[in-house]
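Undergrad: pasting the sequence and the predicted model now:
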Amino acid sequence: MFLLSELLSNNGIVVQCHNIPDADAIASAFAVYTYLKSHGKDVKMIYSGNMEITKSNLVEMIVSLSIPIEYAKDMPHIETLVMVDCQYGERNAEKFGADTVIVIDHHVEVKNDYTTHGIVRSQLGSCATLVWDLLNKEHFDFKQYPDVSTALYYGLYTDTNNLEEIAHPLDKDMRDNLKFDKSIISRLRNNNLSLAELSIAGKALTKHKTNHDLCYAVFHAEPCDPNILGFISDLALQVSGIDVCIVYNELPDGYKISIRSCTREVMANEFAQFLAEGIGSGGGHLSKAGGFIGKQPIDDMHTTIDDYIETRTNEYFVSYDVVNAADHDLDLARMTKFKKKNIPVGYVVSTDVFEEGTHMLIRTLEGDAEAEASSGVYLMIGILGEVYPIKIDRFNASYINSAEEFIPDFTYSPTVKNKLTGETVELLKFMRSCVSTGEVSIFAAQIERCTKVFTSWNTEGYMYGKPGDYIAVRADHTDDVYIIREDIFDMTYSG
């Protein structure tokens, strides 16, 4: 795992943004620059390209936060080059000679001959989030550098379409924990749309393909700030007959997409993941989401982005079945009976964390869920970090306490937040171990088509299963229908 402190042994450091940088690149590079400066390093922060920064909100950001970014067409040989929010293989950053090239980025990793070290986490919504996480690992004092906090927040804000396309829990954690200058953010937010960008939005709304049978439309925008895509999406969704809209534009290394949905059968975040599966990244909220599709994979398919989006979207709308737990007609006689294996898992008594009646937000890698703290509600923690509420009667019928410790191995440790006070605690601090009683069975079958299950505990959002996953029905409560991922099922159930 790469740490920023590894840079402290290097000299002659230059932090480079991509050409004509956006707010996320500027913020991320500024934070890395400040960290290095705080440790006495001699460091420069640069960008290049065919033109200097002119966008009004970015000029305001640089001035208001005293960001020492320099425009550089030529550079003497560099000892250590830190590329932030970019990679040379993406073709959107000027190449400068350097002894060592280190990458800190959140785009899809591009193989090239220049990178020697670094970290790429393409599942994050912004590079600012990645840098924030790296700074936290170094115990960086954000209170001492409020301009860095404000810059990072604005980087996340702009790269996730005004925070509406946040998917990863780390993005949410940074959004919730950074203390920023609200007056500066307000000025930047209200200085974000130029007349030229308004014209881009108008042109995009006239350039669209509409599928009237499936009630979706695709809009192609000229190169613009990601926020403009969201602005176009919000307008397009208000059109009669459009339940889902996709807006995209071209970047040097790929295509930025923005998605809106006003039908419960299509969660925008899940659809974004479907569009970008294997060739990019996507996520967000139930109704608003976004993502990125790499240019090279589209070229390798010998297709165009227009044809890819249209084909993939048509495939999506005919690819799934819908099951409502309240009135399903699943044939249990054709399903196999299974019991949970006698392996330890975790659970938390919700009132151990917060007082009775507290409205809680549970944050996991799979998304946010809400529950109310009650002596009658426990929070189960599965082997891969999945968290879900369970009533005490069903818990007692299904599990018993175990002396065998459940040792979690998660990429993200789940947290729970008091929605009233904002207090956040790590769920694992209160975790106990339990094992299955072996008394409760489920009926389950592998699904052959993508399936969306509206569960008894969540009628607005669905659980999404892919072919090979299992649809399960609790034997003693047949209205309890849910999806179990194939890898989790194989580890936790036996016939």
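TA: Perfect, thanks for sending it.
Undergrad: tell me the helix or strand right after the host helix or strand of residue 298.
TA: Counting by DSSP states H and E, the element that carries residue 298 is helix 295-300. The first helix or strand that comes after helix 295-300 along the chain, using DSSP H and E, is helix 305-317.
Undergrad: ok, the helix or strand just after that following helix: who's next to it in the sheet?
TA: Counting by DSSP H and E, the element after helix 305-317 in chain order, helix or strand, is strand 320-324. In the sheet, strand 320-324 lines up against strand 450-455 (parallel) (DSSP bridges).
Undergrad: is residue 39 in contact with residue 10, as I believe?
TA: No - using CB atoms under 8 Å, residue 39 is not in contact with residue 10; the gap is 11.2 Å. C-beta here means a position set from N, CA and C on the backbone, and glycine is covered the same way.
Undergrad: okay, the two: which has more neighbours?
TA: Ranked by neighbour count (other CB atoms under 10 Å), residue 39 and residue 10 place residue 10 first, with 17 against 13.
Undergrad: for the more buried one, what are its contacts?
TA: Applying CB atoms under 8 Å, 6 or more residues apart in numbering to residue 10 gives the contacts 41, 79, 80, 100.
Undergrad: run through the protein and note the low-pLDDT ranges.
TA: The chain contains residues with pLDDT under 70 at 89-91, 108, 110-116.
Undergrad: name the nearest residue to residue 491, ignoring sequence neighbours.
TA: Residue nearest to residue 491 in three dimensions, not counting chain neighbours: residue 383, with 6.0 Å by CB to CB, 6 or more residues apart in numbering.
Undergrad: may I have the secondary structure class of the one you found?
TA: The three-state assignment at residue 383 reads coil, by DSSP: H, G, I helix; E, B strand; the rest coil.
Undergrad: for residue 320, see how far away it is.
TA: 26 Å (CB to CB, to the nearest Å).
Undergrad: same question, residue 259
TA: Plainly put, residue 259 is 16 Å away from residue 320 if you go by CB to CB.
Undergrad: with neighbour numbers in mind, choose between the two.
TA: Taking neighbours as other CB under 10 Å, residue 259 and residue 320 compare with residue 259 leading, 32 against 19.
Undergrad: and that one, that one's in a helix?
TA: No - using three-state DSSP, the assignment for residue 259 is strand, not a helix.
Undergrad: quick check: it touching residue 290?
TA: Yes - taking CB under 8 Å as the definition, residue 259 is a contact partner of residue 290 at 6.5 Å.
Undergrad: shared neighbours, the two?
TA: When contacts are counted by CB under 8 Å, 6+ apart, the set common to residue 259 and residue 290 consists of 272, 282, 284.
Undergrad: return the subset of these lying in helices.
TA: By the criterion of DSSP state H, membership of the shared contacts of residue 259 and residue 290 in helices covers residue 272.
Undergrad: turn the shared contacts of residue 259 and residue 290 into TSV, including neighbour count and distance to residue 475.
TA: As requested, the shared contacts of residue 259 and residue 290 are exported to TSV (neighbours: other CB atoms under 10 Å; distance: CB to CB, whole Å):
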residue	neighbour count	distance to residue 475
272	28	35
282	24	36
284	27	36
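Undergrad: mind listing the strands for the stretch 351-495 of the chain?
TA: 359-364, 367-372, 377-381, 387-391, 399-401, 415-418, 424-426, 432-436, 441-446, 450-455, 458-465, 470-474, 477-484, 493-494 (DSSP state E, counting those that start in this stretch).
Undergrad: what about the strands in the stretch 51-200 of the chain?
TA: For the stretch 51-200 of the chain, applying DSSP E, counting those that start in this stretch gives strands covering 69-71, 78-84, 98-105, 117-120.
Undergrad: buried residues, the third one. List them.
TA: What it means is strand 98-105. Going by neighbour count (16 or more other CB atoms under 10 Å), the buried part of strand 98-105 is 98, 100, 101, 102, 103, 104, 105.
Undergrad: and the contacts of it?
TA: Strand 98-105 is contacted from outside by 2, 7, 10, 14, 28, 32, 77-88, 114-120, 127, 130-131, 134, using CB under 8 Å, 6+ apart.
Undergrad: just the C-alphas of that strand, formatted as CSV.
TA: Output in CSV follows, covering the C-alpha atoms of strand 98-105 (Å, rounded to 0.1, in the frame of the first residue of the first chain):
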residue,chain,number,x,y,z
ALA,A,98,11.7,12.5,-14.8
ASP,A,99,13.8,10.0,-12.9
THR,A,100,10.8,8.8,-10.9
VAL,A,101,7.1,9.0,-11.8
ILE,A,102,4.5,8.3,-9.1
VAL,A,103,0.8,8.2,-9.8
ILE,A,104,-2.1,9.1,-7.5
ASP,A,105,-5.3,8.7,-9.4
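Undergrad: who does that strand pair up with?
TA: Applying DSSP bridges, one finds strand 98-105 paired with strand 78-84 (parallel), strand 117-120 (parallel).
Undergrad: which of these sits closest to residue 159?
TA: Comparing those against residue 159 with CB to CB, the closest turns out to be strand 78-84 (12.9 Å).
Undergrad: pull the residues that contact the closest one.
TA: Strand 78-84 is contacted from outside by 7, 10-17, 25, 28-29, 32, 93, 96-105, 115, 118, 127, 131, using CB under 8 Å, 6+ apart.
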